[in-house]
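A.B. asks: predicted model and sequence follow; I will ask about them next.
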Amino acid sequence: GNSVTQMEGPVTLSEEAFLTINCTYTATGYPSLFWYVQYPGEGLQLLLKATKADDKGSNKGFEATYRKETTSFHLEKGSVQVSDSAVYFCALKGFQKLVFGTGTRLLVSP
Amino acid sequence: NAGVTQTPKFQVLKTGQSMTLQCAQDMNHNSMYWYRQDPGMGLRLIYYSASEGTTDKGEVPNGYNVSRLNKREFSLRLESAAPSQTSVYFCASSEEGRKVGFFGQGTRLTVV
């Protein structure tokens, strides 16, 4: 079945550092790929998405490119802020179900 | 737009009690989902409903039942709560064509 694998956290960075959170997937067909963010005490919010190979999703300075050849959708940001501290979930949606990775906690210190 | 609304936001149950978590969406989505979120486990799918009148098991369905009452509402029932069901529960919905999931704010359930 479909699955998503994320790097384990927490990822600890200083403000203005470069961020990469790795995500790889296994899926049949042509899934859509997503990154969700969960701030402390809140529900999940869609951060960005890509619906086909080579698409780049972007939002709030975050980017991720749908790489079919490496089955990856890594999240990147050039300069993180303290306010980016949250848990980030990679997800895919195939025929019916949304499937999530286990989440990666990002901690950004001033 | 309210989006996806879950009730209640918090609940404490005693072992063996029953309760129903309610979820409603106003986006006319066909698909709805129930997830639980536990530390270090990410989100795990309990049940989902691809359309009104259909429900299917996810990864962790044991101890739960669901009802897709109509297109808007998808409820999750715990018949006899157990401490292992202490978790944060999220309802979500998605439109098949756009393939985007919208989430409720979550229900924090504690079973003592």
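C.D. replies: On my side now, so go ahead. Residues are numbered from 1 along each chain as shown, chains lettered A, B, ... in the order given.
A.B. asks: from here on, just use CA atoms for contacts and neighbour counts.
C.D. replies: Will do.
A.B. asks: what's the closest non-adjacent residue to residue 103?
C.D. replies: Let's take chain A. Closest residue in space to residue A:103, ignoring its immediate chain neighbours: residue A:89 at 4.4 Å, by CA to CA, 6 or more residues apart in numbering or on different chains.
A.B. asks: was after chain B, sorry
C.D. replies: residue B:92 (4.3 Å).
A.B. asks: how far out from the middle of the chain is the helix or strand that that neighbour is a member of?
C.D. replies: Residue B:92 is part of strand B:87-95 when elements are defined by DSSP states H and E. In terms of CA atoms, centre = their mean, to the nearest Å, the centre of strand B:87-95 is set 5 Å apart from its chain centre.
A.B. asks: after that strand, next one along is what?
C.D. replies: Next along from strand B:87-95, by DSSP H and E: strand B:100-103.
A.B. asks: now that next one: average pLDDT?
C.D. replies: Taken as a whole, strand B:100-103 has a mean pLDDT of 78.
A.B. asks: so what's the residue nearest to residue A:103 bridging to?
C.D. replies: Residue A:89 has the following beta-bridge partners by DSSP bridges: residue A:36.
A.B. asks: could I get the pLDDT score of it?
C.D. replies: pLDDT, read off for residue A:89, is 94.
A.B. asks: how about residue B:10?
C.D. replies: Looking at residue B:10, the pLDDT reads 94.
A.B. asks: which residues does it contact?
C.D. replies: Residues near residue B:10 by CA atoms under 8 Å, 6 or more residues apart in numbering or on different chains: B:107, B:108, B:109.
A.B. asks: ok, and of those, which contact chain A?
C.D. replies: Residues of the contacts of residue B:10 in contact with chain A (CA under 8 Å from any CA of the partner chain): none.
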